[in-house]
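**Q** Sequence first, then the predicted structure:
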Amino acid sequence: MKILMVCLGNICRSPLAEGILKSKLPANFTVDSAGTIDMHAGKAPDHRSVETAKKYSIDISKQSSRPFTAADFDNYDYIYCMDRSNLADVLSLAKTEEQRKKVSLMLGDREVPDPYWGDIKDFDDVYQLLDKGADHIANELTSQSAS
Ligand code: 4NP
């Protein structure tokens, strides 16, 4: 099972989402992340995301930003977006109903706010939201793969 977390820059939210979800799933799951823009391609996550993850014993420092591409629809089973803008951008690249069905908001009906222009407290708030969302996703996917 392969899962992709998507935000705008792939340096703040989706790297955290990747690290958190990975920590809750068995090793036969692949978790990756991407951004809808390529502006930060090749860069490590924002130091505030790295620091926040480290506070909860998760290492995301080795990740590298990369843009979302249409090929990701074929390479992943589930694509989770952080906010409605990311969702719209990803869906605009989908060509089939099967591809569209793989895409949803990570928090169901809520958005993960962009902490980029905020401070370290905003990153901690984002962490808490992502942690809850990742619990939910991990429960769903592990019970699904067991049945
Ligand atoms: P992210 O945050 O989408 O959570 O990675 C952002 C990163 C970069 C920018 C905006 C949001 N930016 O404008 O460069």
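**A** Yep, that arrived.

**Q** What is the longest helix of the protein by residue count?
**A** Of all the elements of type helix in the chain, the one with the most residues (DSSP state H) is helix 120-146.

**Q** give the contact list for the spatially closest residue to residue 83 that is not a sequence neighbour.
**A** Excluding the flanking residues, the one nearest residue 83 by Cβ to Cβ, 6 or more residues apart in numbering is residue 111, at 4.0 Å. The C-beta positions use only the backbone N, C-alpha and C, and glycine is treated the same way. By Cβ atoms under 8 Å, 6 or more residues apart in numbering, the contact list for residue 111 reads 82, 83, 84, 105.

**Q** which secondary structure element contains residue 115?
**A** Assigned by DSSP states H and E, residue 115 falls within no helix or strand.

**Q** Next: residue 48.
**A** Using DSSP H and E, residue 48 maps to helix 47-55.

**Q** Only alpha carbons, please: show the following helix or strand past that helix as PDB.
**A** Counting by DSSP H and E, the next helix or strand C-terminal to helix 47-55 is helix 72-75. Provided in PDB are the C-alpha atoms of helix 72-75 (Å, rounded to 0.1, in the frame of the first residue of the first chain):
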ATOM      1  CA  ASP A  72       1.800  10.000  -8.800                       C
ATOM      2  CA  PHE A  73      -1.800   8.900  -9.600                       C
ATOM      3  CA  ASP A  74      -0.400   5.600 -10.900                       C
ATOM      4  CA  ASN A  75       2.300   5.200  -8.200                       C
END
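
**Q** which other residues reach the helix holding residue 48?
**A** The contact list for helix 47-55, computed with Cβ under 8 Å, 6+ apart, reads 11-13, 15-16, 19-20, 44, 59-61, 115, 119-120, 123-124, 126-127.
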